[in-house]
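Chemist: show me the folded form of this:
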Amino acid sequence: MWLYGLRLIAVGLAVVVMLTLGPIANAGNKAGPCIDGRWRDRQHPGKVHAANMKILECAIARWPVSWDTAHYVAHRESGIYMWPWARNSYSGACGVFQHIPSYWVGRVQANVPAKWFGRNGWSSSNMVACTNARANILVSVHMAYKDGWSPWGM
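Modeler: Have a look, this model is predicted:
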């Protein structure tokens with residue numbers, strides 16, 4: 001009887017761990033870390049913000065940087081809802097962390113593997129857009145992890 005109870009506890013613990021570490025646990029997957037397709041919902045600002053916050057939390061768990069700074073920069077650059085479609089009309093900077101398009105390709109190539117986005121390699125014809133919230137957040141947090149927040153004036 002006690003063996004049955006022990007099995008139930010083990011199964012329950014495994015379920016809790018899987019639910020708690022969901023976004024981080026898939027970091028070894030071919031598709032890369034921080035998978036969350038809900039960022040595509042343009043209709044509701046709260047859903048966009050919640051999905052982007054989860055991606056940001058996951059990226060920071062992978063590459064530890066200051067949560068406060070990351071959150072501040074994202075809100076400063078793309079607004080309170082962290083709009084992935086935010087675009088600066090003067091510079092053309094785009095996305096959650098407002099990358100200038102002429103720098104975007106190099107930053108993506110230097111900071112995230114193409115396989116995380118279902119591609120065999122990066123080229124101008126298959127580049128992920130700077131308005132892809134997951135790509136924008138992963139590139140930005142990885143850049144900050146490697147070199148700090150200086151591209152954002154921090």
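Chemist: and residue 49, how many neighbours does it have?
Modeler: Residue 49: 18 surrounding residues under other C-beta atoms under 10 Å. For glycine as for every other residue, the C-beta is placed from the backbone atoms N, C-alpha and C.
Chemist: OK, contacts around it?
Modeler: 80-82 (C-beta atoms under 8 Å, 6 or more residues apart in numbering).
Chemist: and the helices in this structure?
Modeler: Applying DSSP state H to the chain gives helices spanning 2-20, 22-25, 45-62, 67-78, 101-111, 133-147.
Chemist: mean pLDDT for these: which is lowest?
Modeler: Mean pLDDT is lowest for helix 22-25 among the helices of the chain, at a mean of 38.
Chemist: distance-wise, check residue 133 relative to residue 55.
Modeler: 6 Å (C-beta to C-beta, to the nearest Å).
Chemist: same question, residue 127
Modeler: For residue 127 relative to residue 55 (C-beta to C-beta), the value is 19 Å.
Chemist: repeat for residue 146
Modeler: 19 Å.
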